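*Asks:* below are the sequence and a predicted model; questions follow.
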Amino acid sequence: MTNVHFGCWIRNPCADADPCERHPFSGCSRRRRCSDQPEKRWKDCLQLTGEHCPFKLARMTATPGGGGSADDADRFVSVAPKIGYQGPLDGLRAIAVLMVLFTHAAYSSFASFAGSVDVFFVVSGFLITTLILEEDRARGHVDVKTFYLRRVLRLFPVLYAVLGATLVAGLFIGNNEFRDRTINDVLSAGLYVYHVIHPVGVEIGTKHLPEVRPLIHLWSLSVEEHFYLVALILMMTVVRFRLARQLIVVFSGLWLAVGIARLTGHVGWKYMWYQRPDALMIGVVAAAANSLIPTISESTQKLLRRIATMALAAAVVVLLLGTKLVPSGWFIPFAPERPSDPNLADKMWWARFGFSVTSGVTAFLVFTLVRSGNWWLSRLFSNKILCAIGRRSYCIYLVHVPLAVMMVEAAKGHITEEHVLVAYLFVLPIVSELVFRFVEQPGLRLKRKFVRLSPAGATPTPPPADAPLY
């Protein structure tokens, strides 16, 4: 086994305190570098210092080959437990993608379920940030090339398979206008600029629902891809200059600022605030906060679970208020849709506050699911059916709109839309499963070859064979 050098710093909150007798390394003082411990694994060192030393763990680094560097002392290193596979997050994604299906199937009745995109964004922001910090902790750096290659293998196979199939179908279905629209959508989505060319929320300014497009939902994937481009650079800067706490403050402030802007009727450039960058930012905040906490006591976990349960209940109520599932007197319309509707700033539309509530509660819920133990919500979200849907959520999300649009367009003048809907309910699961098994899974298997286990050892909770390593 290759020797590993550990530089451990233990902060003593009292300068005059006696050395920690229970700490495995002798002579802990206000700031003392512990001796070399060859053949030790990082997680063993973290467990001992995090659970047995009464002093606050402030720094821990591991550098392969037994050599430390002066720069290590100035780097931020996460002290959170290794995240491993999180089944509840797959369950959360399953609920989110089902909400997406309801939104697109009956927009006027389930418009506020558009908040499901915020759920996806928060989970993405949390997971990507956490995995970057874990890789840096394990290896002393992040392999930029491998990071982006994993992103490519995770996203591109399904995306470009769907784009190719949509293009081929669009060339043979519909009139010239529909074909031109399809080509435009494929190019915009393939270049990850859909959110700029066809920004979501345009109906707020035009007071008309957007025209039917085969890839209208891929604005969200474009936003997320731009986040991936900057996330690694951002977190490398945070690590190098130890800016985790500053990141939490800045991104929390930006999340609040975007929420206030929407609440006061502002949409931003190209409807930017309705493309929900704040949901990604609050996911990063949750991950950064997680990275600063080595252990959480059982009493604190119980408190987190109580707060998260109440917050989730409030968020569910907020989501339902924008649907036709509540009494008409409670219903809050989503946003202006008709020329006769009041302007965005002249009425309390659901979109003005609903997205902020959804993203904020989701961030707290994700943090609690990851750091809390035995909880009924963890067991609920870890349901096998929900997890199976969650693992297929990317395929379902990409496939469901172009499949529906193409089926409706092909059936015009032949069968009714009601018959198309019945056929669609049978076809969507089949097509999604085929894409999952024969497109996404091969890409994930190839991606796993680029995932190297850290010195901390194997993933604490082994993922299912078909689970994506994010």
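*Replies:* Yes, it's here. Owing to the predicted nature of the structure, the values given are computational and were not obtained by experimental measurement.

*Asks:* surely R93 meets V122?
*Replies:* No: counting by CB atoms under 8 Å, R93 stays clear of V122, with 10.7 Å between them. Every residue, glycine included, has its C-beta placed from N, CA and C.

*Asks:* between the two, who's got more neighbours?
*Replies:* Higher neighbour count among R93 and V122: V122, with 33 against 26, using other CB atoms under 10 Å.

*Asks:* residues in contact with H217?
*Replies:* By CB atoms under 8 Å, 6 or more residues apart in numbering, the contact set of H217 is V100, H104, Y397, H400, V401.

*Asks:* can you tell me which of those is nearest V168?
*Replies:* If you rank the contacts of H217 by distance to V168 using CB to CB, V401 comes first, at 16.2 Å.

*Asks:* do I have it right that T323 meets Y107?
*Replies:* No: counting by CB under 8 Å, T323 stays clear of Y107, with 10.6 Å between them.

*Asks:* for the two, indicate the residue with more neighbours.
*Replies:* T323 (21 against 14).

*Asks:* Three-state assignment for the more buried one, please.
*Replies:* coil (DSSP: H, G, I helix; E, B strand; the rest coil).

*Asks:* in terms of pLDDT, where does it sit?
*Replies:* The model reports T323 with a pLDDT of 97.

*Asks:* what does L89 give?
*Replies:* So L89 comes in at 97 (pLDDT).

*Asks:* then F110?
*Replies:* 96.

*Asks:* what is the one helix or strand F227 maps to packed up against?
*Replies:* Applying DSSP states H and E as the criterion places F227 in helix 219-241. On a contact count with 3 or more CB pairs under 8 Å, 6 or more residues apart in numbering; DSSP states H and E, helix 219-241 meets helix 116-139, helix 144-172, helix 176-190, helix 194-197, helix 244-263, helix 277-291.

*Asks:* would a markdown table of those with distance to Y85 and mean pLDDT be doable?
*Replies:* As requested, the helices and strands packed on helix 219-241 are arranged in a markdown table below (distance: least, CB to CB, whole Å; pLDDT from 0 to 100):
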| stretch | distance to Y85 | mean pLDDT |
| --- | --- | --- |
| helix 116-139 | 11 | 96 |
| helix 144-172 | 15 | 95 |
| helix 176-190 | 29 | 96 |
| helix 194-197 | 30 | 95 |
| helix 244-263 | 24 | 98 |
| helix 277-291 | 16 | 98 |
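
*Asks:* nearest residue to the middle of this structure?
*Replies:* S124 (1.6 Å; CA atoms, centre = their mean).

*Asks:* which residues of the stretch 1-150 of the chain fall in strands?
*Replies:* 4-11, 31-33, 56-64 (DSSP state E, counting those that start in this stretch).

*Asks:* report the buried residues of the helix holding F227.
*Replies:* 219-228, 231-232, 234-236, 238-239 (16 or more other CB atoms under 10 Å).

*Asks:* would you mind getting the angle between that helix and helix 176-190?
*Replies:* Going by axes from the mean of the first three to the mean of the last three CA atoms, to 10 degrees, helix 219-241 is angled at 10 degrees with respect to helix 176-190.
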